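In: With the sequence up front, the predicted model follows.
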Amino acid sequence: MQSLPQSVLFCCDHNAVRSPMAEGIMKHFYGAGTYVQSAGVQNDLEIDGFAIAVCAEIGVELSRHRSRSFDEMQKMGDDLGSFDLIVALSPASQHRALDLTKYYHLTVDYWPIMDPTGIGETREQKLNAYRQSRDQIVTHLTDRWGPPRGGA
């Protein structure tokens, strides 16, 4: 188990499902001691309703999340090189994060989190797929930084 970093950026393809879930769950589990953000390779989707629903089941509020891309973060003045850790949750975001290591001294980890979009026909099947992704994120977080502290 490692100590919490000062700052973490979670990233995935669209910043609509996996990375916002990881951002919200990490903040909920470990409090405000770590600066946590998320981004997508692209920003072409809003926060996903199923992601909001399955995170609400564990007390994590995502409905106010606004999706953004790496490029938008840089335009808004976020220094991507200042993150201690970038956690990529998809192959495309891992590739984009590794590109940043050409310019910045960054640690990039890859957590292969299942993309639940497009899985299942019924609402319950879809929710179960999103729960699997959420639970994969929870497992990675707790394996890395231990059980939830404080607000969880």
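Out: In hand now; what should we look at?
In: Look up how far residue 128 lies from the closest residue to residue 94 other than its chain neighbours.
Out: For residue 94, ignoring the flanking residues on the chain, the nearest one in space by CB to CB, 6 or more residues apart in numbering is residue 88 at 3.6 Å. Bear in mind the C-beta positions are built from the backbone N, C-alpha and C, glycine included. Relative to residue 128, residue 88 is positioned 24 Å away (CB to CB, to the nearest Å).
In: Same check on residue 96?
Out: 29 Å.
In: what about those two, which has more around it?
Out: The neighbour comparison of residue 96 against residue 128 (other CB atoms under 10 Å) goes to residue 96, with 22 against 14.
In: Just the pLDDT at residue 151, thanks.
Out: Model confidence at residue 151, given as pLDDT, is 48.
In: Quick check: the residue most central in space within the chain vs residue 121, distance?
Out: Nearest to the mean C-alpha position of the chain, by CA atoms, centre = their mean, lies residue 19 at 2.3 Å. Here the criterion is CB to CB. By it, residue 19 lies 26 Å from residue 121.
In: what helices or strands is the lowest-mean-pLDDT helix or strand in the chain leaning on?
Out: For the chain, counting by mean pLDDT, DSSP states H and E, helix 70-75 ranks last in confidence among helices and strands (a mean of 88). Under the contact criterion of 3 or more CB pairs under 8 Å, 6 or more residues apart in numbering; DSSP states H and E, helix 70-75 touches strand 35-40.
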